[in-house]
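In: build me a model from this:
(2 chains)
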There are 2 protein chains.
Amino acid sequence: MAYTTNTVSSAAGPDPKSLLAKERATNAWDPVKMHYFLEGSAEKAEMIKSLTQQMERDPILAADYNYYDLTKEQQRQLTAEKISRVARYIEVESFQDFNRRLSLIGVFDPQVSTRIGVNLGLFISCLRGNGTFDQLQYWALGKNTAYIRGIYGCFAMTELAHGSNVMGLETTATFDRETDEFVINTPHIGATKWWIGGAAHSATHSTVYARLIVDGEDYGVKTFVVPLRDSNHDLTPGVTVGDIGAKMGRDGIDNGWIQFSSVRIPRYFMLQKFCKVSREGDVVLPPLEQLSYSALLGGRVMMVLDSYRMIARMSTIALRYAIGRRQFKSQAAEESEEDNVPETQLLDYPLHQRRLLPFLAAAYVVSAGALKVERTIEETLNELDDAVDSNDEDGILKSIDAMKSLFIDSGALKATCTWLAAETIDQCRQACGGHGYSSYNGFGKAYNDWVVQCTWEGDNNVLGINIGKPIVKHVLNVIDNGKVVKGSSAFLTHTKDFIGANAKKTYLNSLADVGDLKKLIKAIEVAIIRLTYEASETQRKTSFDYIGAEMVNITKLKAHHYLLEEYLRRVEEFDDASLKPYLILLGKLYGASIVLDKFSGIFLTFNVISTELVGKLSAEYIPKLLAEIRPHTVAFTDSFQQSDMIINSAIGKFDGDIYENYFSIVKAQNPPRAHKAPYSAALEAMLNRPSLDERDRFDKTHEAAETLSK
Amino acid sequence: MAYTTNTVSSAAGPDPKSLLAKERATNAWDPVKMHYFLEGSAEKAEMIKSLTQQMERDPILAADYNYYDLTKEQQRQLTAEKISRVARYIEVESFQDFNRRLSLIGVFDPQVSTRIGVNLGLFISCLRGNGTFDQLQYWALGKNTAYIRGIYGCFAMTELAHGSNVMGLETTATFDRETDEFVINTPHIGATKWWIGGAAHSATHSTVYARLIVDGEDYGVKTFVVPLRDSNHDLTPGVTVGDIGAKMGRDGIDNGWIQFSSVRIPRYFMLQKFCKVSREGDVVLPPLEQLSYSALLGGRVMMVLDSYRMIARMSTIALRYAIGRRQFKSQAAEESEEDNVPETQLLDYPLHQRRLLPFLAAAYVVSAGALKVERTIEETLNELDDAVDSNDEDGILKSIDAMKSLFIDSGALKATCTWLAAETIDQCRQACGGHGYSSYNGFGKAYNDWVVQCTWEGDNNVLGINIGKPIVKHVLNVIDNGKVVKGSSAFLTHTKDFIGANAKKTYLNSLADVGDLKKLIKAIEVAIIRLTYEASETQRKTSFDYIGAEMVNITKLKAHHYLLEEYLRRVEEFDDASLKPYLILLGKLYGASIVLDKFSGIFLTFNVISTELVGKLSAEYIPKLLAEIRPHTVAFTDSFQQSDMIINSAIGKFDGDIYENYFSIVKAQNPPRAHKAPYSAALEAMLNRPSLDERDRFDKTHEAAETLSK
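Out: I've put the predicted structure just below:
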């Protein structure tokens, strides 16, 4: 063997690259085809690839390893430069393509998509959701805000002392009849607008959530457009803006705080699609308060798509590493009679498969749900807009129903999928051992940037309660009034079939049952029904506050039900029959591991499954599924079609040459020539300091003691 | 009400401070007394406080909020300055006090304690574990390394391609009989020493794990002292050192990589307590390979103590916030007939109690286990040293037994407690909503610094397998050979009483059983026995590789068993009877939530508990315990006696004045005067850019189209 190739080796080193290549050579399918499934269609998938190509060649937008070495200040600046670059694309492409572009940027540089999102997503969605058609036109298009030109909007909802409880916000907008203006004011420190993305440096305007006060009467929280900076980018009078400073992640976003000190805006800066104040101060209130919160829905939907892409990216890194990395010898290798049996590839250990492959399955299953909820919101908002524009009251009411349903589904998915993605990042990092901790392998920044998704735009636990509550109420209604539930929770109508005398009847009775995805989905329904019923009974005796933990679990199970159901539907209608068996495998793994195994306490407590069957599930069924999926790991991950720029991980690169890639990137980022630290003088002074006696001027020596004791 | 006090408020703001003060006023005990329990004795607790006082007044060591705004380079430098300062303390205090000091530093600036730890902990432990008495004296004391003077040591074990599998390391140490030297060489990129703390900038010497090669024969991995830098801090010939660069956390540590290119060291630089090479090249091997790995044990034990302190710090922050923060109204408040009922304190929601209070309990329970395992290692290593020094073979063998037992206990605790602490940080952050994401509240850096504890010095999953395996083997031996198991796993001897015909007999049969800590501890034994037995049967049919997931769970349960057992013992022997009932409450909560509820799948699958009882546990018992603990939350957290400097969190300060503290810290770190970003020009240029038509030189206008189409 020739060891002097690129560098001198005096013995053969590891060869992870060939391990990956070998597995790739036997791919059972063309990853390009599978990608069509993941993105919903060949056309969409090709567009995703074309956008990726454009961005990985773009001198400003492309991610690189230097990204992981930037300070907060550098991240802020780079993010601004990227936004400026993205702005040129938005001027020349369709809204849909631009949305896809943002979704992709969200995978390799989420701070950029979020910082844009506060303007295009939140600010404009708020205009759309709460402003009249003309108001939307004026601010979004007339002023070029939609092209990130002229105006940069931010979304001033949360305050220092109020986040989730939007109704409790304390900023005031007091109507001044005299001047036909609203006076926006921050009454005290607790009402300081807080966490406002874009406020610190970028935003010129803000949609402000404030209590409408007319003649001393408080009409609740409404929305107003309030300029923050003039066209010279100087703060307008009465506006104080500050930088929130360092964060766990997403330092590229200039989150800020805002205090308004009697800031005056014309009356027509109020967004008045649903709520109006006349010149005389007469107030017209909206038909349904929730209508004005639709601004957040789009974000939630986007976060389900983000979850799919992030889970895909992270599991690709960890799985490529697990194929290239050898560690210890398996018992079989140990006992082998052959000489020099190499150490075992990480992914050949059943435990490692169990730790990682469920996340691979999750990427596939979540993708299906993400696409569905994305379709749904588009349809629903369009219908609502049409109904409002044509003043069609029945249409509005119908849309409100659809919105409520979307609120449940998107909220359950947002909470469940963002948590799942956070867990994926964490577990994938741990599965890469120490190398997972290096910034250049991508997990650290991914995690730090990601986890805020579990908190913002509806804290996951609060969402869990808000979504669990209507489900519990449905069940109470079914029990008490024989209500028929519609929509995605329709199965609750049959609550009585699974409780009381039937509460002890197990639903899954064999591994064949577990392997039947339709039955498994039905089993989730049974678990939800029984858990909800039990919670509803507790609620009768206490209050909703006492079933918080149960409501969060109900919400999670509801989301898994939605995801698996849609996944199965998509697989069944998929036009490439050769891929279906592989897709079904992943669906089964998802159901068995991420649902049944993870919630086994609930499935057992409520007798949906027997203890014996759970034992088999864990000891036999899941390991068998994992073994079947194992050979196709590379094909499954390659099917995400995420290029090296998107992956942006030294150990996760396509070629699998883990060590060469990682080492060369570490060296490039930290040239070894600089082997003395800038602060080396301090270190050396410490090491070379005189002895303690000398530094104590010999005042504590034996001699000194004698002299001073005389 | 006067709103013009320190600032002008135009309405009454929130008053979190008084909420905390009110609860503190009714403390049921003196936190100082409870602190004695946590630290093991009044004397130790007072020493902890005295050390804390010293450090919070120290101009260099004290943490502050600026800490959260430092770049990697600044962190590196500050850490070096802190080490230089700490070095002055070590010269004048006892080894035990210094260890306590390090443990405390580990709470508020873990990168400092770790960077010191690579020298004092790993380098010197390696000398102690592998060197002769004279070698230890020479390097550690003669050269002043123990005082961080003269020599700075690092610990070059892991390599780029080998971490957990120490036996597989590939760096070579080849004996050159001619010159009586060893030649240390890195044969290929995979054998590059990697992640070596202190190597990049600080270390002058390294203990290197390398394969001993004599006359072509490979004697396995041994340890050698290899100088890296001369007294001028320049790299010695053949030594290449590089900076590992950016990490997820602990950027203050100068982790590096090292390549040795035929570096020559005298034969006597080999550490030869157990393994010797004579002048002629004759090799004497150690009695037990594991003896040479004792260097890592001390670190593992320290990490259990770290876990206690970190869990205490994080839960204090989240619980103080949960008392001062009001959010929404509870159902009772909503339905109240009084006017102006305020929003409800977060911690008065049962769900919030359930999310946080188990971690409070964990701090208490883990503290007991940490102290025990700390005592055990001290005793064991001393006995081993005595036996080796006096050449007492029986003593050595006895010590080896004790070491094996310590290996199991410390490994199980290390894995379980570091995971638990990581979960605590994450969950406490989430429980503070958006504010948890601000760097100034402490969670972000705490998490990023912490999680590597789950990976280094024994990856938690690998530990899970390594500790689970001997337990499974014990059970196989009990079944097959009627073996009597000794030590902390003695209960396995009774395996047969709980399997076979008795496998279906539930052990916990009522809430009274659950509330009896002795029974609960016994129930954990039953769960371990049945799970292990099942795993051992699977293993017979397959191999150990197929029961990895089970072994990890066995390890976790084993650790919880150890912790609860020691906790109960400590509570029983504690001399302040008035505090015992409160301590018992926490023990019950730990057992019910962190053990039974979290592992309910296992307890149910193996019939340790009935489905009915688990239902009650979750719906009745845990909520009741939480409600009993709730009023004492402030007293429990104050009992940790962690001052504001140690907590270092704006929303977690002692006075509970959440909003004022947080706002003033954010403002101080990011003065709002600087309201235009340094990069504002780029932003403004984007917003004020000419129209697309103009930038396209009007080449795509209707007029141009007409002209060009002619």
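
In: the helix or strand harbouring residue A:23 vs chain B: in contact?
Out: Using DSSP states H and E, residue A:23 falls within helix A:16-25. No - on the criterion C-beta under 8 Å from any C-beta of the partner chain, helix A:16-25 is out of touch with chain B, staying 8.6 Å away. No exception for glycine: its C-beta is placed from N, CA and C like everyone else's.

In: what do you get for stretch A:632-652?
Out: No - Stretch A:632-652 is not in contact with chain B by C-beta under 8 Å from any C-beta; minimum separation 10.5 Å.

In: for that stretch, what is the distance to the chain centroid?
Out: Stretch A:632-652 sits 19 Å away from the centroid of its parent chain (C-alpha atoms, centre = their mean, to the nearest Å).

In: then stretch A:415-432?
Out: Put simply, stretch A:415-432 sits 10 Å off its chain's centre (C-alpha atoms, centre = their mean).

In: for it, what is the average pLDDT?
Out: If you average the pLDDT over stretch A:415-432, you get 98.

In: anything in that stretch near chain B?
Out: Yes - using C-beta under 8 Å from any C-beta, we find that stretch A:415-432 touches chain B at A:426, A:429, A:430.

In: for residue A:250, which non-adjacent residue is spatially closest?
Out: residue A:111 (4.5 Å; C-beta to C-beta, 6 or more residues apart in numbering or on different chains).

In: please identify the helix or strand for the one you found.
Out: helix A:110-117.

In: just residue A:209 next, same as before
Out: Secondary structure assignment for residue A:209, by DSSP H and E: strand A:205-214.

In: coming back round to it: which residues sit against the helix holding residue A:111?
Out: For helix A:110-117, the external contacting residues (C-beta atoms under 8 Å, 6 or more residues apart in numbering or on different chains) are A:75, A:79, A:82-83, A:86, A:102-103, A:105-106, A:148, A:197-198, A:202, A:249-254, A:299, A:302, A:306, A:449-450.

In: buried sites along it?
Out: A:110, A:111, A:112, A:113, A:114, A:115, A:116, A:117 (16 or more other C-beta atoms under 10 Å in any protein chain shown).

In: hmm, stretch A:206-224 touching chain B?
Out: No - for stretch A:206-224, no contact with chain B is found by C-beta under 8 Å from any C-beta; the gap never falls below 10.5 Å.

In: now do stretch A:524-537
Out: Yes - applying C-beta under 8 Å from any C-beta, one finds stretch A:524-537 touching chain B at residue A:534.

In: what do you get for stretch A:351-361?
Out: Yes - residues of stretch A:351-361 are located near chain B by C-beta under 8 Å from any C-beta, namely A:351, A:352, A:354, A:355.

In: now for these: which two are most distant?
Out: Largest separation among those by C-beta to C-beta: A:352 and A:354, giving 7.2 Å.

In: how far is the lowest-mean-pLDDT helix or strand in chain A from where the chain is centred?
Out: Counting by mean pLDDT, DSSP states H and E, the weakest-scoring helix or strand in chain A turns out to be helix A:331-335, with a mean of 89. Put simply, helix A:331-335 sits 41 Å off its chain's centre (C-alpha atoms, centre = their mean).

In: any idea how chain A splits into domains?
Out: Following automatic domain parsing, one gets these domains for chain A: A:43-130, A:153-292, A:297-328+A:341-638, A:680-709.

In: the ones you listed: which one's closest to residue B:589?
Out: Closest approach to residue B:589 among the domains of chain A is made by domain A:297-328+A:341-638 (14.3 Å; C-beta to C-beta).

In: end-to-end on that closest one?
Out: Start and end residues of domain A:297-328+A:341-638 are separated by 32 Å (C-alpha to C-alpha, to the nearest Å).

In: circling back: give the intersection of the neighbour lists for residue A:352 and residue A:354.
Out: Common contacts of residue A:352 and residue A:354 (C-beta under 8 Å, 6+ apart): residue B:548.

In: circling back: and the following helix or strand past the least confident helix or strand of chain A, what's buried?
Out: Next helix or strand after helix A:331-335 toward the C-terminus (DSSP H and E): helix A:350-389. Along helix A:350-389, these residues count as buried under the neighbour rule (16+ other C-beta under 10 Å): A:350-374, A:376-377, A:380-381, A:383-385, A:387-388.

In: from the chain's centroid, how far away is stretch A:313-330?
Out: Centroid separation between stretch A:313-330 and its chain, computed with C-alpha atoms, centre = their mean, is 24 Å.

In: how about the strands in chain A?
Out: A:153-156, A:172-176, A:181-185, A:193-196, A:205-214, A:217-227, A:239-243, A:256-260, A:263-266, A:276-277, A:283-284 (DSSP state E).

In: which of these is buried the deepest?
Out: strand A:153-156 (a mean of 30; mean count of other C-beta atoms under 10 Å in any protein chain shown).

In: pLDDT on that one, on average?
Out: The predicted model assigns strand A:153-156 a mean pLDDT of 98.

In: could you dump it to CSV, C-alpha only?
Out: Provided in CSV are the C-alpha atoms of strand A:153-156 (Å, rounded to 0.1, in the frame of the first residue of the first chain):
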residue,chain,number,x,y,z
GLY,A,153,-41.4,46.2,8.9
CYS,A,154,-41.3,44.5,12.3
PHE,A,155,-44.0,42.9,14.5
ALA,A,156,-44.3,44.4,17.9
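
In: do any residues in that strand lie close to chain B?
Out: No - judged by C-beta under 8 Å from any C-beta, strand A:153-156 stays clear of chain B, getting no closer than 11.3 Å.

In: now do that strand: which elements does it pack against?
Out: helix A:124-130, strand A:193-196, strand A:205-214 (3 or more C-beta pairs under 8 Å, 6 or more residues apart in numbering or on different chains; DSSP states H and E).

In: follow-up on the earlier one: closest to residue A:688 out of the strands of chain A?
Out: strand A:239-243 (41.7 Å).

In: export that closest one as CSV, just CAs?
Out: What follows is strand A:239-243, C-alpha atoms only, in CSV (Å, rounded to 0.1, in the frame of the first residue of the first chain):
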residue,chain,number,x,y,z
VAL,A,239,-39.6,56.1,20.1
THR,A,240,-36.8,54.4,22.1
VAL,A,241,-35.3,51.3,20.7
GLY,A,242,-32.7,49.1,22.2
ASP,A,243,-30.7,46.0,21.3
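
In: and that strand, what does it pack onto?
Out: Secondary-structure packing of strand A:239-243 (3+ C-beta pairs under 8 Å, 6+ apart): strand A:256-260, helix B:658-669.

In: can you list the residues that contact it?
Out: With C-beta under 8 Å, 6+ apart as the test, strand A:239-243 has contacts from A:199-201, A:226, A:228-229, A:235, A:254-261, A:263, B:666-667, B:670, B:672, B:674-675.

In: one more pass at 7 Å, please.
Out: Applying C-beta atoms under 7 Å, 6 or more residues apart in numbering or on different chains, the external contacts of strand A:239-243 come out as A:199-200, A:228, A:235, A:254, A:256-261, A:263, B:666-667, B:670, B:672, B:675.

In: please apply the same query to stretch A:467-477.
Out: Against stretch A:467-477 from outside (C-beta under 7 Å, 6+ apart): A:408, A:411-412, A:483, A:485, A:489, A:492, A:495, A:532-533, A:535-536, A:539, A:544, A:547, A:551-552, A:554-555, A:558.

In: can you do 8 Å?
Out: With C-beta under 8 Å, 6+ apart, stretch A:467-477 has contacts from A:404, A:407-408, A:411-412, A:415, A:483, A:485, A:489, A:492, A:495, A:528-529, A:532-533, A:535-536, A:539-540, A:544, A:547, A:550-555, A:558.
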